[in-house]
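Got a predicted structure here, sequence first:
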There are 4 protein chains.
Amino acid sequence: MELTNEQKTEIEAARDSQSQTRRATVPELEEILYEPIPVLDHGLVRVIDYMGDDAAIVQAARVSYGKGTKKVSDDAGLIKYLLRHRHTTPFEMCEIKFHIKLPIFIARQWIRHRTANVNEYSARYSMLDREFYIPAEDQLAAQASNNRQGRGDLLSGEEAARVLDLLKSDAEKTYDHYVEMLNEDEEGNIIDKNRDGLARELARMNLTLNAYTQWYWKIDLHNLLHFLLLRADSHAQYEIRVYAEAILETVKRWVPTAHDAFMEYRVGGVGLSAKALEVVKKLIAGAEVSQKESGISPREWRELMVTLDREG
Amino acid sequence: MELTNEQKTEIEAARDSQSQTRRATVPELEEILYEPIPVLDHGLVRVIDYMGDDAAIVQAARVSYGKGTKKVSDDAGLIKYLLRHRHTTPFEMCEIKFHIKLPIFIARQWIRHRTANVNEYSARYSMLDREFYIPAEDQLAAQASNNRQGRGDLLSGEEAARVLDLLKSDAEKTYDHYVEMLNEDEEGNIIDKNRDGLARELARMNLTLNAYTQWYWKIDLHNLLHFLLLRADSHAQYEIRVYAEAILETVKRWVPTAHDAFMEYRVGGVGLSAKALEVVKKLIAGAEVSQKESGISPREWRELMVTLDREG
Amino acid sequence: MELTNEQKTEIEAARDSQSQTRRATVPELEEILYEPIPVLDHGLVRVIDYMGDDAAIVQAARVSYGKGTKKVSDDAGLIKYLLRHRHTTPFEMCEIKFHIKLPIFIARQWIRHRTANVNEYSARYSMLDREFYIPAEDQLAAQASNNRQGRGDLLSGEEAARVLDLLKSDAEKTYDHYVEMLNEDEEGNIIDKNRDGLARELARMNLTLNAYTQWYWKIDLHNLLHFLLLRADSHAQYEIRVYAEAILETVKRWVPTAHDAFMEYRVGGVGLSAKALEVVKKLIAGAEVSQKESGISPREWRELMVTLDREG
Amino acid sequence: MELTNEQKTEIEAARDSQSQTRRATVPELEEILYEPIPVLDHGLVRVIDYMGDDAAIVQAARVSYGKGTKKVSDDAGLIKYLLRHRHTTPFEMCEIKFHIKLPIFIARQWIRHRTANVNEYSARYSMLDREFYIPAEDQLAAQASNNRQGRGDLLSGEEAARVLDLLKSDAEKTYDHYVEMLNEDEEGNIIDKNRDGLARELARMNLTLNAYTQWYWKIDLHNLLHFLLLRADSHAQYEIRVYAEAILETVKRWVPTAHDAFMEYRVGGVGLSAKALEVVKKLIAGAEVSQKESGISPREWRELMVTLDREG
C-alpha cells in the first residue's frame, strides 16, 4: 500500500493535533489513531475515531442492573458475565470508525453486515485508481475438493504463473480501456479533445472485481465482535480474514478486557447440539458411543470428533 | 430533579478528569459534558459521550465523492447540500450518547425509535425510586375537540386540582404498596422478617405509568435528527417535546452547521403534494383556485392554506 | 381472555373467507389462522398472516449456493446445516404477523427486540380497557435469594392473599380515577357535562403497569427464533415465557423442520468456552480436573458441572 | 433475458399450483406471480411471494388508533393521511419478496439499502454465467458537464461503437480467462485433467463489474417505497431506475391505494425549505423577490424556479 504525499501529510497533521477532552480516552488506541495498517497488496485499515472503552461497557451494565450490580466489584468479571450470557446491549455503547481500502469482491462480502454505517468512494463521482489485488503466490490455491466454498492445495508453479499473468494483464487492460472510455487520464486531463468520454457511472462497469475501493465504516462493539467472529474465523475467505485480523488487533488495544472475553467465549468456544451434549456426557462417564446410536449425522459426528480431539 | 450526593460527586469527578486525545473534539459540547439538564419535574438529559463533529460529516462525504467534491470549498454549503438532497449516510458518521431520566409512559413512546442503542434501568434487578411525573398546572389540558391525539384548553381550577390530587395520591399509594409487597424499604432493609417479599419482577407491575425510569441512549446524528423532527414538533406530546428541545440544544453545541441546516430544511421546511404544487403555481400566476377544483380534500386544503398564510 | 361479540364475528368472518393463491401455503398453520390462543388471564396470541414455509428457506439457500447445493438432496439436512453454521439469511425469507394482547410491563421487555414491525394500540387516541394482569397464586413467588432477577419460593398463603388484594384494588382504583379524569365512561359517554375531562395522553399515566395493551407484531423467522431463544428460556420472566411458548407452538405448525433444528441446536444446545472445552477433553480422557486448575471462575464452574450432570 | 428450459418448467409448475388460503390475497398480483419481467438486456424482476394488501395497512392503523379511527370510514382517505403525515409503521405490515437478476455494479448500489433481507447467488460456491450488461446505444451517454454524477449527451456513433466494442470484448475475454483459471467449462466438466483449477472464490475476481448476479430480496412496503422514491427518481442511474420502475408496476398491482398516495405525496411532491416557503408566499402575494434578497444560494434558487415553472 502506498500513500500519496498529500495523504501522508494529512495523516501526520491529524496525528499531531492534540486536544483536551473530558471523554473516556484510550492511550493504547490513540497511539495508532489515523495510522494505516497495511493489508493485502494495496489495502489498509485505519482507526479514525472511537467512543467509549471497557469502562463504558461496565457503566452501561450498571445503569441496567442498578444497585443490583454493586456487589460485582470486578469489572473484568462483569464483562465476562455479560458476554457469556449474551447480554449484548452494553457492548453497543462503544463505537469505532475505520477507514478501509479493500478489493471490490471483498467489499461485496463485507457489506452484507448491515448493522454498520458506510460511506464508500463513489465511482459515479470520481475515477477509481489503478490498483488491483493480485494474490501472493502462497495464496493461489485450488478449489477444495471437500468443501464447496474453500481452498485446497496450492497450484503448481506453472499453473500459478499462468493465473497471475491472466489476473494482472486483464486488470491492466480493462483499466486501460476504462481510461480510454472516460477520455480522461489519471491526473484528470482530457485525452482527446475530439471525443466526449463515456459517463463515469457507465465506464466503471469495465473494471474487474479485484479493483480497490475504499470506505469509512462505523460500527458498535457488539456488532463488530459478531463481524469478527464470522470473518476472523478459519472458514472465512483469506482475503477478508486478514482485514478482520488487523481489526481484531485494534480491538485488543481499545477494549482489552472485552477482547479477552471474546477470545475465551466466542472465538475459542464451541457450541454443542442437544445430541452432542448427550454424547459428551456418555464419553465422560466412560461409555462408548457410536455415530449410529448417537442419532447424529456422519458429517456432524466428524465435526464433533474434531472438536473433542478424537478419532472419528 | 434532585441528584444524590453520590451522583453529584461522580459527575464532578468525570467533569474534572481531562485527557489528551487526537480525536475530533468540540469545546462547546465539552463544556456541558456529563452535566444534567433538568427536564419536567424530576427528569434530566445529560450528554455522556460523543464521536465526530461538523467536519466529520464533511470528511465522510468527501470520501464518497472523492475528487468530485474538491471544488466545493465551503463546508457549510456541502452540509446543506447533503441534508437538502437527503444524502443521509455522512450524518451517520457522528454518534452521541445521553443519560436520560423520564416517565415510563414517555419512555414507551421514545423506544419506538428502533435505530438507537439502549440500556435501561431494570426493575427486575433493582427497586425503582419514589419519583413520579406530576404535570404543572399549565399543562393540565382537556382533550382536544378537533384532534384525537392532542390537547385543548386548560382545565378549570377546580377540575385541575382534583386531577392533581388523584395523580399524586394514586402514585404515592401504589408506590407504598410496591414497597410493602417487596418487603424492603428504600434503603434496601427488610421491613418485616416474617415475610418473604414479592419478587421485584412482579411487584413493579403495581407502579403507575408516570413513575420515572432512566436509560443510556446512543444514536447517530442522522437518526437523532429524524427523532427530533418528529418529537420536537408542535404535534408531539408536550412531555416528550421538552426532552427533544433539550437535546436539540446539545446538538446546536455539538454540530452547529448541521443544526442550522436541519432547522432550515427540515424543521422550518414544508412538503407539498403534487396537487398542492399545482395550486401554488396557479396562485403565483395570479389565478384563483378553489378547494373543489384543486382535487384536494377539504382537510388537506385547510392545512395548505395555513401553510401559505391564507384564508381557506 | 374474553372477546367482544364484535371481535368474535370479525374473527369468524376472516376464518370463513377462503381465496385461491399461488403462494406457498401451510395447511397446519391455516387451521389456526386468526384464532386467539389464550395467554395469562386476559392475554392472547393470534397468527394474522404469514409468508413462506420450510421450502422457502431451502429455496433461498439454493439461490445463494447455486449449483453448489444440488447434491444436498435432503431439505431437512440443509435446514439443519444452515442453522448449525449460523447461515441465518435464508431464515429471514419467512415472515409472520401476530396480534398480541399483553400487560404493559411485559410489552416493555418485548419491545427491546428492535428487529420487528409493531403497531400498538395508542392510549393517546383511545381509552384503554379495564383489564389488568393479576398473577395466579402459583406464580406469586418471593425474590430469588441467589439471583438478582429471578423468583424463589412461593409466598405463604397469607402474604399471597395480601399481595393479590393490593394488586387488584390498586389496579381497579387507578382505573376508576382514569375514567373520572377522562370524564368519559367505558362506552364513550361523557360522565359530567360540567367538566372538560383530561386529555387522554395525560390521563393514561395514572394506570398501573399491569394494564393490558395490544399490538400487531411482524417479524422474520430468523429474528423470531432469536426472540424465542431468549424468551422461551427458563431464565426468562414467566409472564413473557408463556407468550414465547405459545408462539413456539405456532412456529412448529408453520415450519416444522426449522422448528426441530432450532430445538436441537439452539434450545437444547449449549456453548462451551475455550477453557470449558479443555476441561471436557480432560474428563473424557479420564483425568480429574479441579475448578482451581481449570482457570474457570467458581460460578462458571458450577454452571459447567450442571451442564455436564456432574457434582461440582 | 433468456431462461433455461429447466427454469421455465419450474416457473410454470409454481404458477400452476393453486392452494386455498385464509390469508389476504391480491388477484391482480397473483396474475403475475413468479413471472419474469425483463429488465435491461439479461436482467429480470419476479414477484415470488407477498404478505398483506391495502386493507392490511388500514387494519394496522386501526389497531394503533383504536376506536379513534372509527369515524374515518374511507380506507383510501386513511392511507393518504398516513402517508402524508409519515405515520410509516402501518406500511411496514406488508411484505414482498422478489427474485432479481442484475449487473454487479448495480447490485452494489442496491445493497446500500440495508433494511431488506437478501440471499445472493454466491460465486464462492458456484460459477457465474456468461452474461454481461452491454448498454443499448441510446444509453451510451457522455459525462454530464453540470453534474458530477449524471449523464449528458449521447456519444457520437464512432465513439459509441468503440465503447461497445471494448465493453463486449473485455467482458468476453475476462470471462474466458475465468473459465480457464477455474479449469471447468460452463457445464461443469473439467477442461484439463493435468491442472487443478483455481478456487472459485479467487477466480471470480477476474470478472468485470457488468457481469450479472441474482438474488432474492425481501422488504416491507415502507422501506420499499423509500427505495423507490430514491431509485425511480430521474436523478437515479438509468440502470437501477429501470428496475425500480418495473417494481413500481408490481406495487401498483399489489397495493393500488398506497401506490396512488405514494405518487401524489412522494413522487409528485416537493419539499420547500423555510426560506423557499417565504419566497412562495411573497410570490403569491404578487411581490417580486430576487435570489439575492431571498437569502437562498444561487444553486437552490435555480432549483426552486424550476420547481415553480418560472424563469430564474
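Great, that's in hand. Residues are numbered from 1 along each chain as shown, chains lettered A, B, ... in the order given.

and the closest residue to residue A:75 other than its chain neighbours, what does it touch?
Excluding the flanking residues, the one nearest residue A:75 by CB to CB, 6 or more residues apart in numbering or on different chains is residue A:58, at 4.8 Å. Backbone N, C-alpha and C define where each C-beta goes, glycine included. By CB atoms under 8 Å, 6 or more residues apart in numbering or on different chains, residue A:58 lies in contact with A:75, A:78, A:79, A:90.

switch the cut-off to 7 Å
By CB atoms under 7 Å, 6 or more residues apart in numbering or on different chains, the contact list for residue A:58 reads A:75, A:78, A:79.

Name the residues of the stretch 51-200 of chain A found near chain D, please.
Residues of the stretch 51-200 of chain A lying near chain D by CB under 7 Å from any CB of the partner chain: A:103, A:105, A:108, A:111, A:114, A:124-125, A:133, A:135, A:140-143, A:148-149, A:151, A:153, A:155, A:159, A:163, A:166-167, A:170, A:174, A:177, A:181, A:195-200.

out of the residues you listed, which are buried?
Among those, those buried by neighbour count (16 or more other CB atoms under 10 Å in any protein chain shown) are A:103, A:105, A:108, A:111, A:124-125, A:133, A:135, A:140-143, A:148-149, A:151, A:155, A:159, A:163, A:166-167, A:170, A:174, A:177, A:181, A:195-200.

Quick check: the gap between residue A:32 and residue C:238.
49 Å (CB to CB, to the nearest Å).

what stretches of chain A score poorly on pLDDT?
A:1-2, A:67-73, A:312 (pLDDT under 70).

ok but residue A:50 is inside a helix, no?
No. Under DSSP: H, G, I helix; E, B strand; the rest coil, residue A:50 sits outside any helix and is assigned strand.

Looks like it contacts residue A:32 (just checking).
No. Counting by CB atoms under 7 Å, residue A:50 does not reach residue A:32; the two are 11.0 Å apart.

ok, these two, which is more surrounded?
Neighbour count, other CB atoms under 10 Å in any protein chain shown: between residue A:50 and residue A:32, residue A:50 has more, with 28 against 17.

show me what contacts the more buried one?
Counted by CB under 7 Å, 6+ apart, residue A:50 has contacts A:29, A:95, A:96, A:254.

what's near enough to touch the second one?
Spelled out, it's residue A:95. Residue A:95 neighbours (CB under 7 Å, 6+ apart): A:50, A:51, A:52, A:218, A:220, B:51, B:95.

So what does the residue most central in space within chain A look like in phi/psi?
The C-alpha lying nearest the average C-alpha coordinate of chain A belongs to residue A:244 (CA atoms, centre = their mean; 3.1 Å). Dihedral angles phi and psi of residue A:244 (degrees, to the nearest 10) take the values phi -60, psi -40.

Could you double-check that it lies in contact with residue A:231?
Yes. Contact criterion CB under 7 Å: residue A:244 and residue A:231 qualify, at 3.9 Å.

circling back: got JSON lines for the contacts of residue A:50, with distance to residue C:11 too?
Shown next, in JSON lines, are those (distance: CB to CB, whole Å):
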{"residue": "A:29", "distance to residue C:11": "58"}
{"residue": "A:95", "distance to residue C:11": "46"}
{"residue": "A:96", "distance to residue C:11": "50"}
{"residue": "A:254", "distance to residue C:11": "54"}
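
Look up how far residue D:200 lies from residue A:120.
From residue A:120 across to residue D:200, the span is 25 Å (CB to CB).

typo on my end, residue A:129
Computed as CB to CB, the residue A:129 to residue D:200 distance reads 27 Å.

One more: residue A:250?
To residue D:200, residue A:250 is 31 Å away according to CB to CB.

does residue A:102 belong to a helix or a strand, and which?
strand A:95-103 (DSSP states H and E).

tilt between that strand and strand B:95-103?
Angle, strand A:95-103 to strand B:95-103, by axes from the mean of the first three to the mean of the last three CA atoms, to 10 degrees: 150 degrees.

and strand A:95-103, which strands flank it?
strand A:43-51 (antiparallel), strand A:212-220 (antiparallel) (DSSP bridges).

Past that strand, which element shows up next along the chain?
helix A:104-110.

how about the CA coordinates for that next one, as CSV?
Taking Å, rounded to 0.1, in the frame of the first residue of the first chain, the C-alpha atoms of helix A:104-110 are listed here in CSV:
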residue,chain,number,x,y,z
ILE,A,104,-14.4,-4.8,-4.6
PHE,A,105,-15.1,-8.6,-4.4
ILE,A,106,-14.3,-8.4,-0.7
ALA,A,107,-16.3,-5.3,-0.2
ARG,A,108,-19.3,-7.2,-1.5
GLN,A,109,-18.9,-9.8,1.2
TRP,A,110,-18.3,-7.2,3.9
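
Is the residue of chain A positioned farthest from its centre in a helix, a strand, or coil?
Relative to the centre of chain A, the most outlying C-alpha is that of residue A:194, 45.3 Å out, by CA atoms, centre = their mean. Judged by three-state DSSP, the three-state class of residue A:194 is coil.

Which residue ranges of the stretch 1-150 of chain A form helices?
A:5-16, A:27-30, A:54-65, A:75-84, A:104-110 (DSSP state H, counting those that start in this stretch).

starting at the chain centroid, how far to the strand holding residue A:102?
Taking CA atoms, centre = their mean, to the nearest Å, one finds the center of strand A:95-103 at 9 Å from the center of the full chain.

angle of it against helix A:5-16?
Going by the same axes, to 10 degrees, strand A:95-103 makes 160 degrees with helix A:5-16.

Buried ones in strand A:95-103, by neighbour count?
For strand A:95-103, by 16+ other CB under 10 Å, it's A:95, A:96, A:97, A:98, A:99, A:100, A:101, A:102, A:103.

Just the angle for that strand relative to helix A:54-65, thanks.
If you take the same axes, to 10 degrees, strand A:95-103 sits at 130 degrees to helix A:54-65.

mind saving the C-alpha coords of strand A:95-103 as PDB?
Written as PDB, here are the backbone C-alpha positions of strand A:95-103 (Å, rounded to 0.1, in the frame of the first residue of the first chain):
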ATOM      1  CA  GLU A  95     -18.500   2.700  18.800                       C
ATOM      2  CA  ILE A  96     -15.500   2.800  16.400                       C
ATOM      3  CA  LYS A  97     -14.800   4.200  12.900                       C
ATOM      4  CA  PHE A  98     -12.400   2.800  10.400                       C
ATOM      5  CA  HIS A  99     -11.000   3.900   7.000                       C
ATOM      6  CA  ILE A 100     -10.700   0.700   4.900                       C
ATOM      7  CA  LYS A 101      -9.300   0.100   1.500                       C
ATOM      8  CA  LEU A 102     -10.200  -3.200   0.000                       C
ATOM      9  CA  PRO A 103     -10.800  -5.100  -3.200                       C
END
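
Can you give me the neighbour number for residue A:261?
When neighbours are counted by other CB under 10 Å, residue A:261 comes out with 25.

whoops, residue A:109 was the one
For residue A:109, using other CB under 10 Å, the count is 18.

which SS class is the closest residue to it other than its chain neighbours?
Nearest non-adjacent residue to residue A:109, counting by CB to CB, 6+ apart: residue A:240, 5.5 Å away. Classification of residue A:240 using three-state DSSP returns helix.

Residue A:240 and residue A:79, how far apart?
Using CB to CB, we find residue A:240 at a distance of 27 Å from residue A:79.

Output the buried residues of strand A:95-103 as JSON lines; include the columns distance to residue D:210.
Below are those laid out as JSON lines (distance: CB to CB, whole Å):
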{"residue": "A:95", "distance to residue D:210": "37"}
{"residue": "A:96", "distance to residue D:210": "35"}
{"residue": "A:97", "distance to residue D:210": "32"}
{"residue": "A:98", "distance to residue D:210": "29"}
{"residue": "A:99", "distance to residue D:210": "28"}
{"residue": "A:100", "distance to residue D:210": "25"}
{"residue": "A:101", "distance to residue D:210": "23"}
{"residue": "A:102", "distance to residue D:210": "21"}
{"residue": "A:103", "distance to residue D:210": "17"}
